[in-house]
Each structure stands twice: as structure tokens, then as C-alpha cells.
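1. fold the stuff below for me.
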Amino acid sequence: MKYKKELLFFAKCIILAVLLFLLCFTVIMPQYLQNNQAALLDKVKRLEALEGPKIVLVGNSNLPFGIVSGDIEKELSMPVVNMGLHGGVGNAFNEQAAKINVQEGDLIILSPSSFDDDDKIKNPELAWITIENHPELYRFIRVKDIPDMVKAYPSYLKKCIKLWTNSIGNFAEEGVYARNMYNEYGDNISDRPESLPELEFSEVRVPVISQEYADRVNNLNEYVTKRGATLVIAAYPIAYYENAPAKEEYAEFEKELREKVDCPVISDYTEYCMSPELFYNTYLHLTNEGAAIRTEMLIKDIQNFLEKKE
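-> Numbers count the residues shown, from 1 in each chain. As a prediction, the model looks like this:
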């Protein structure tokens, strides 16, 4: 009898846990459908819909806030999708976009601004805010990420419950980081005419390359190559101001990067050292003019690479 009671209690606990799980995933979640991270839903939809050779931009927010994808598509006659997302989730999360709908002839361009990660999701709670209860986004979570995601879930759920109970979740956000500020390519189309007063460059430094980063990119290169696609690394915009690191230091970094990764590095990082007036609100986001200049440089990098490849 005792064991039957314990078994019954255990069964009730499981049923309760399942009911709570269903309540959370079907009623309370999602609560962040209009913010910056929700733009990933639209980016993935476009990426999955494109057939044939395409250009896929993968990395952090230096891409949506620094690339005019339509210009690349026009110059190279290949459809483009800008998968760049908030760097707060980390390289390991963002790079999973490079594995979606990979087809023969694809050119996948990685453009990170940091190279020293430990192969973990940088901010699991932000990752939850990004994927919520969208099954199509769960591919961004690797098996090794699950323990960290489980630990972060209560904190994320607490915020969801607060938004839900106050009926303020999924509201139409305004400003530069709203979901509706992204166009069909995945670029952020907010008007950025000039640098904002709060812009500062204290975090600008020459990147350090971790072995974990190099190993993961090399594995990704193998994955992409087996499917007939090409993985390359392109430079990010570098704020070159009065107290910035010397260009020679970036040249040394580029040399080390080329030695550690198996995929081609198609950019000269010293050429991407840009005037501080071309940056908008962070040391990685560009003004309208800055994005146009950076896009032109990337187009030339791609053209030069394709010519050499042929």
C-alpha cells in the first residue's frame, strides 16, 4: 500500500509538471514577438524559402546594422539573407544559422567581431527570449547547450509571467530595435544619419582567438563543404579613432586567424578600420553612410574571392 501511494504521488507530480509545461508553452509563451530578437523568425523563414545558390551572412549585430543586402544581391546576382543577430547570445548560437537549408553553391559568410568564446551560449536567458516556443528556432540550441538553457528557463519564465499577467507582452515596440525595423533581407532599416552622443569606443580592442572558436569554425567548415557550399570569414567594421590599436596589430590578428581556421578569410582587416564618424550608437553599428561604404568593401571582397576561386 505504501509503495502504491508513493507511486500515485509520483504520477500526480508528473501530470502536474506536464500540465504546467503545456500552460507555459501554449498560453504564457511567447511574450517577445515584437522585439529585436523576434526578427530571427523572419530571417529563418526567408533562408528556408530560398532555393539554389545564395549568400548567407552570419554573425552578430554588426551585420544587420552595417550591411545593405540589396546592393550585394544586385551586384552579385545572388539572393542574400542577413542572419546577423544580437551578439549577446554569442557566436556559438548565431553560427547555427549557417546550417539551415545549406545547398550546393551557397556562399556562407561569417563576420564575427569576437573570436575568444568558450563554445557556450553567452546569455542563455536571451537565447530563451529569442527562441521562446518557436520550434523552428530550436535548432539554434545544441545538445551541449541544454543544461545551461534549463538553468536559465525559470528566470525567463518569471519575466514572461509578469508580462502576461500585466497584459503587456508582445506589444508593438518602437525604435531602432523593433522587429518591424528589419526588411525582407534581414537588414535593420532604421534611419541612422549620424553618430549619437552616447557613442563611445572603450570596448574596441584587437580580437583574441580561442582554440574553441577555431575548432568550432573548422567543424562548421567541414559541415558546409560536404554539402557543396563554401564558408568564408569576412571582416567586421573596426572603429579607428585617436586611441585605437594600431593597424599592424589587426594585421597580426588576421595572420593568426588565417593560420587557425580552415576556411578562407576574404578580407584585409586593416581596410575595415573606419572613421569613428561612420558609427551610429555602438562601436559595431554603422550610420547609413558607414553601412554603404562597408557593403561596397564586402562586395569587392566577395568578387575577388570568387574570381580567384574560378
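
2. any idea how far the helix or strand that contains residue 306 is from the middle of the chain?
-> Taking DSSP states H and E as the criterion, residue 306 maps to helix 288-309. Centroid displacement of helix 288-309 relative to its chain, using C-alpha atoms, centre = their mean, to the nearest Å, is 20 Å.

3. and if you look at stretch 135-150?
-> Stretch 135-150 sits 15 Å away from the centroid of its parent chain (C-alpha atoms, centre = their mean).

4. rounded mean pLDDT for it, please.
-> Averaged across stretch 135-150, pLDDT comes to 96.

5. not counting its own residues, what contacts that stretch?
-> For stretch 135-150, contacts defined as C-beta atoms under 8 Å, 6 or more residues apart in numbering pick out 40-41, 44, 48, 92-93, 96-97, 99-100, 120-121, 124, 127-128, 130-131. Yep, even glycine has a C-beta here, placed from its N, CA and C like the rest.

6. likewise for stretch 165-181?
-> Stretch 165-181 is contacted by residues 30-36, 38-39, 42, 160, 163, 188-190, 192, 281 when judged by C-beta under 8 Å, 6+ apart.

7. how long is that stretch end to end?
-> Terminal residues of stretch 165-181 lie 27 Å apart, using C-alpha to C-alpha, to the nearest Å.

8. list the buried ones in it?
-> Buried residues in stretch 165-181, counted by 16 or more other C-beta atoms under 10 Å: 169, 173, 176-179, 181.

9. rewinding a little: can you say which of the contacts of stretch 165-181 are buried?
-> Buried subset of the contacts of stretch 165-181 (neighbour count, 16+ other C-beta under 10 Å): 30-36, 38-39, 42, 160, 163, 188, 190, 192, 281.

10. out of those, which comes closest to residue 289?
-> Distance to residue 289, by C-beta to C-beta, is smallest for residue 192 among these, at 8.8 Å.

11. just to revisit the earlier point, the buried ones among the contacts of stretch 165-181: which two are farthest apart?
-> For the buried ones among the contacts of stretch 165-181, the farthest-apart pair by C-beta to C-beta is 160 and 192; their separation is 31.3 Å.

12. what residues does the nearest residue in space to residue 161 that is not next to it in sequence make contact with?
-> Sequence neighbours aside, residue 28 is the residue nearest to residue 161 in space, at 6.1 Å (criterion: C-beta to C-beta, 6 or more residues apart in numbering). By C-beta under 8 Å, 6+ apart, the contact set of residue 28 is 157, 160-161, 164.

13. with that, I have no additional questions.
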